[in-house]
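> what's the 3D shape of this:
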Amino acid sequence: MAVQTLFPTRTRSPAPSSASHGSHDSGSSSSIRSFDMHRLKHAASSFLHQRCLSSQISHRRHINSLNPSCSLPEDVLRKIFIACARTLGNDDAAWSWVNVTYVCSSWRQVALDCQDLWRYVDFSHPKWFAVTLPRAKTVPLCIRATVGPHNTGLLQRTLQLAHRIQNINLTCPIQYIHGLLPTLTYPNPALESLTINVRIPNYDNTHRVYEPLSFPTTGAPLQHLRYLELRCAPFYMISPRFNFLTHLHLYDLPPCERPTRRRFLFMLAKIPLLQHLVLERAFPINVESDDFAHTEKRVTLPHLVSVSLTGSVTDLSVVLNCITMPPTVCLSCVICTLSNLKGNIWRLGQAIGAHSWAGADGVRLETLVITGREESERFLPGADINPDFRQSLRLRAYRADSEVGHAAFDLSIGPEQGFSGDDVMVTALGAIWKALTLTHVHTMALQNLDIVTQKSWSQFLRTLPSLRVLDIRGLPPSGLVWALLLNARAHSEGDMGNRDAQRLLIPRLNDIYIHGVDCSAGGFMVASGALVNSHCDLDDSRFLDVLSACLSERRRFGLCLRSLSIARCEYVYKQSAEDAKKAVAHLVWDLTGIIKQETVTDEASPARYRKDWTTSSYGPRHYHRLRTLRELDLEQEQESS
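Numbering: from 1, shown residues only. Predicted coordinates for the structure are as follows:
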């Protein structure tokens, strides 16, 4: 029936008379449509295809209606689209964030109605550029692209739309950046954020990367520009027009492109509203700072909130000596070059101390976290130092108002390839420790820190009179517990008439938490005439035994520890736990790692060491310091009796 309505049917005409047959034969054949079977099949096939296609579309729409992703609220879809559009363009021209809008008709309609989405113009291929730019209409543009030969011309033309560009984020190989520098250095007045990442492969430090400035950078201040990030870009891109910057991030400035200190200070003085400063291997030319106070004035940045510096000790100290910051600023420093650290760490200590972190009431430091990290094993078979061994040390200090994950002071030392000197780490830690004000610190957390010796810990603990909580994780700090034990014994002898008695360290200590520690691990002896560990002179006294003896000695002065918590630790000997229980008011431990004393196979050498410290191959001297001390006490008791 449907075919009859689409295609006219052939009707029979009455047979013409013989008289009129000849005269009307030609006219009748032209007025009557001929029956064409090929046209009929083609029309029927098209009709059936449309019916099947309509049925498939209906079926697919029904399936999509059951799919939760096709029923997402429009505001959620808009956020998904914008998150995809914010990703930097890649080299694969077959994919674009526009493809996400082709999932279904509802997604496409939401994308077309979201005007803010089309501000992220896609430069990965001319076809995507032709799709996204017209749809942006009059919305301010956000340019994010990886520059290459396929889009350099498109970018140059687009950057001429000065009144419409709001954000620029370009990743560009060095060979394509030169043609864009004049426009990028003299940006449009509406620009709010500028990020330039230049890739320089196989750079030679002896040659200049960029030609001297050949175009003007003066003009009216850019009142909307707040964020500037430059990676391997020329320093002259920081224009005197950037008076309203709040974020300045400089990374990997080639040495031949670095400014003089005078030029660096001049540019900082032009940014009085700066809040966040990041310098990572992008410091001014290093010069001696002995006459700095007589030749240059410090730049005062009263609105600084955070400062992040990564470089050598000299670089960090030069910058800190150039600027004056409020006491509430959060300082993050990374010392990545350790070769000249020991001779110059005092400069950094003076620079940090001059800013008086935690010196004022209300901004004083209350929590201290020290983390050690080792990569690969320290020794090779045969007691040789592993050349691939790397270690680092991190010190973080928090105020009461510090946000989670944001320390008021954050210092990282290393790692550096092929450098494994414990003495450098301990020296640097001691210099920074002295520069900080730690008299109000009440909590200290130690994570995998076992390189600090008894002598150094004694010096450090004297600066922590308010410490009440000690948290230990990972490697046991044997030097710390030995410092506390020997100090308590010396204090006990002082009460018996010795005027040279030492002051009792951390007298307010109340709680100790031990997590994931090998409680039977032995410690290191101190090398003769040095403040660092000797990894060949090992102490067979177990960590928990030394800690229990320390707590027992302190209890003699009425300093009974309030609580001791042992959680998820290994090789916790039952007798050691019982001894600790007598020295504290409350002892909490789980059954993980509990071992009875009878299972000790070698009573003469009960301590355990890590697998890379196999001492049998080179015959080190072993000690059992705790047993020796107990034997001396027994002899004194027998003599007194």
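
> CA only for contacts and neighbour counts going forward, please
Will do.

> can you report phi and psi for residue 412?
With angles defined as degrees, to the nearest 10, residue 412 sits at phi -120, psi 130.

> tell me how many other residues surround it.
Using other CA atoms under 10 Å, the number of residues around residue 412 comes to 20.

> gap between it and residue 374?
As judged by CA to CA, to the nearest Å, residue 412 and residue 374 stand 13 Å apart.

> residue 525 too?
20 Å.

> who's more crowded, the two?
Between residue 525 and residue 374, counted using other CA under 10 Å, the more crowded position is residue 525 (23 against 15).

> in the sheet, who's paired with the more buried one?
Beta-bridge partners recorded for residue 525 (DSSP bridges): residue 534.

> show the residue spans covered by the helices in the stretch 301-450 of the chain.
313-320, 341-354, 422-435 (DSSP state H, counting those that start in this stretch).

> which strands or helices does the first one pack on?
In terms of contacts (3 or more CA pairs under 8 Å, 6 or more residues apart in numbering; DSSP states H and E), helix 313-320 is packed against helix 341-354.

> what's the helix it packs on packed up against?
helix 313-320, helix 422-435.

> okay, the ones you listed, which one's buried deepest?
The highest mean neighbour count among the helices and strands packed on helix 341-354, using mean count of other CA atoms under 10 Å, belongs to helix 313-320: a mean of 23.

> and the angle for that helix with helix 422-435?
20 degrees (axes from the mean of the first three to the mean of the last three CA atoms, to 10 degrees).

> circling back to that earlier point, which residues do residue 412 and residue 374 both contact?
residue 392 (CA atoms under 8 Å, 6 or more residues apart in numbering).

> residue ranges for the helices of the stretch 51-200 of the chain, please.
Here the stretch 51-200 of the chain has its helices, by DSSP H, counting those that start in this stretch, at 74-85, 105-113, 126-136, 152-158, 174-177, 181-185.

> any chance of CSV for these, columns mean neighbour count, distance to residue 271 and mean pLDDT?
Below are the helices of the stretch 51-200 of the chain laid out as CSV (neighbours: other CA atoms under 10 Å; distance: least, CA to CA, whole Å; pLDDT from 0 to 100):
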stretch, mean neighbour count, distance to residue 271, mean pLDDT
helix 74-85, 16, 31, 84
helix 105-113, 16, 39, 83
helix 126-136, 15, 33, 85
helix 152-158, 15, 29, 86
helix 174-177, 17, 26, 87
helix 181-185, 16, 16, 85
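
> just to revisit the earlier point, between the helices of the stretch 301-450 of the chain, which gets nearest to residue 159?
Minimum separation from residue 159 across these (CA to CA) falls at helix 313-320, 34.6 Å.

> quick one: contacts of that closest one?
For helix 313-320, using CA under 8 Å, 6+ apart, the contacting residues are 283-284, 286, 289, 309-310, 333, 335, 337, 340-341, 344-345, 347-348, 351-352.

> possible to save the helices of the stretch 301-450 of the chain as TSV with mean pLDDT?
What follows is these, written out as TSV (pLDDT from 0 to 100):
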stretch	mean pLDDT
helix 313-320	89
helix 341-354	86
helix 422-435	88
